[in-house]
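Undergrad: Turn this into a structure:
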Amino acid sequence: MSNKIKIAVDAMGGENSPKKVIAGILENYKNNKDVIYNIFGDENKIKYLLPNNFDKEIFNIIDTKNKILDTDSPLAAAKKGKDTSMWLAIQSLKNNESDVAISAGNTGALFVISKLNLKMIENIDKPALSALWPNKKNFNVVLDLGANIECSDKNLVDFSIMGSSLFKSLYPNEEAVVALLNVGAEELKGNEKIKKAYQLLQNKKNNNFIFYGYIEGNKIMDGEVNVIITDGFTGNIALKTAEGTANFIMNEFRNSMTSNFLGKISSLINIKNLKKVKNKLDPRLYNGAILIGLNKPVVKSHGSTDYIGFSHSLNVCIKIVKNNLIQKIKDNIIK
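TA: Okay, here's the model as predicted:
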């Protein structure tokens with residue numbers, strides 16, 4: 001049991017919880033027998049969703065009736081939080097009872113509660129919210145996605161180190177290629193903050209990643225880079241735009257394939273190719289944002305995802321523990 005990865009799960013956060021969380025855990029366990037799930041939430045509701053005679057050592061329930069609501073402000077959540085499922089999950093990580101924590105609940109509350117309980121990595125000023133986006137070749141790690149509205153040039157350099165370490169944790173056999181998201185690819189474009197970050201990264205000796213330079217928004221999906229750095233304001237707008245565009249394309253695609261007889265015949269003929277496109281654009285398959293920069297790893301699942309999406313976010317938890325994300329960041333900060 002001691003070699004198993006222990007995941008602290010806030011079972012009560014997000015839409016349709018704990019039902020989707022427990023279903024996601026059961027789905028995830030099918031392919032991950034080396035995991036213990038420390039499940040924080042209403043024991044009566046959670047037991048009802050688990051199989052009869054479930055293994056209590058694998059599915060370890062810590063009973064609490066209180067939870068953080070999506071409508072709670074971060075400050076209110078922190079004040080009422082010490083016996084909530086989210087707080088107790090993070091505290092389990094703080095006390096070394098778990099290796100990683102995950103919640104699909106209130107993002108602002110998770111950010112504040114994590115910062116209150118967990119120390120920052122030395123020489124990192126601000127944590128960042130990072131996530132995976134698909135590109136033509138594989139995936140991008142993108143950060144910050146909303147944790148910090150304003151960032152300094154040093155913050156952007158720190159994000160580059162953390163983002164490349166995250167990429168190497170998820171894809172250890174690939175080279176991390178870092179780019180700064182900007183209004184143009186030319187060296188003179190952008191505000192003073194991003195120009196300073198560019199110069200710092202150009203001059204920085206780091207074997208952990210290749211610095212590509214600037215990248216524009218229309219090139220994010222090309223796959224020439226795989227770690228994209230920006231401030232939280234710009235990153236969050238980019239994220240919501242990308243999600244909205246993907247949903248629009250999928251809905252239009254679905255409507256065109258089912259609106260008439262010829263469309264239905266065409267969709268049946270091309271069903272394999274259609275499934276490939278659907279999987280590439282399905283946000284559930286790359287669900288799981290990482291609050292990166294803290295001394296312990298915290299993963300944020302999308303609140304509206306289903307059990308498939310939650311299962312994939314648990315996969316992210318497993319990968320970053322197995323590949324020692326936090327130590328990778330520490331090693332590269334020192335360098």
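Undergrad: low pLDDT regions in the chain?
TA: Scanning the chain for pLDDT under 70 picks out the ranges 1-2, 253, 256-281, 333-335.
Undergrad: Which stretches in it count as strands?
TA: 5-10, 35-41, 59-63, 100-103, 128-134, 139-143, 177-181, 210-215, 227-229, 289-292, 298-300 (DSSP state E).
Undergrad: Can you name every helix or strand that the fourth one contacts?
TA: This means strand 100-103. Applying 3 or more Cβ pairs under 8 Å, 6 or more residues apart in numbering; DSSP states H and E, we find strand 100-103 packed against strand 5-10, helix 85-94, strand 298-300, helix 307-322. Bear in mind the C-beta positions are built from the backbone N, C-alpha and C, glycine included.
Undergrad: could you give the angle of the lengthiest helix in the chain to strand 177-181?
TA: For the chain, the longest helix by residue count, based on DSSP state H, is helix 232-258. Counting by axes from the mean of the first three to the mean of the last three Cα atoms, to 10 degrees, helix 232-258 lies at 100 degrees to strand 177-181.
Undergrad: and the nearest residue to residue 125 once chain neighbours are set aside, how many neighbours does it have?
TA: Counting by Cβ to Cβ, 6 or more residues apart in numbering, residue 155 is the residue found nearest to residue 125 once chain neighbours are left out, at 6.1 Å. Counted with other Cβ atoms under 10 Å, residues neighbouring residue 155 total 22.
Undergrad: And residue 155, how far from residue 144?
TA: 8 Å (Cβ to Cβ, to the nearest Å).
Undergrad: Now the spatially most central residue of the chain: closest residue in space, sequence neighbours ignored.
TA: Nearest residue to the geometric centre of the chain (Cα atoms, centre = their mean): residue 289, 1.1 Å. Leaving aside its sequence neighbours, residue 289 sits nearest to residue 131 (Cβ to Cβ, 6+ apart; 4.0 Å).
Undergrad: That neighbour: what's it in contact with?
TA: 141-143, 145, 239, 286, 288-290 (Cβ atoms under 8 Å, 6 or more residues apart in numbering).
Undergrad: And it, how far from residue 23?
TA: Distance, residue 131 to residue 23, by Cβ to Cβ: 22 Å.
Undergrad: swap in residue 153?
TA: Noted for residue 153: a distance of 44 Å to residue 23, by Cβ to Cβ.
Undergrad: The residue nearest to residue 125 contacts residue 126, doesn't it?
TA: Yes: judged on Cβ atoms under 8 Å, residue 155 makes contact with residue 126 at a distance of 5.4 Å.
Undergrad: Look up the residues that both of the two are in contact with.
TA: residue 148.
Undergrad: Can you give me the separation between residue 148 and residue 42?
TA: Counting by Cβ to Cβ, the gap from residue 148 to residue 42 is 33 Å.
Undergrad: burial of residue 83, as a residue count?
TA: Counted with other Cβ under 10 Å, the neighbours of residue 83 add up to 11.
Undergrad: so it makes contact with residue 63?
TA: No: using Cβ under 8 Å, residue 83 makes no contact with residue 63, being 10.5 Å away.
Undergrad: Just list the residues touching residue 93, thanks.
TA: With the criterion set at Cβ under 8 Å, 6+ apart, residue 93 makes contact with 8, 99-101, 117-118, 296-298.
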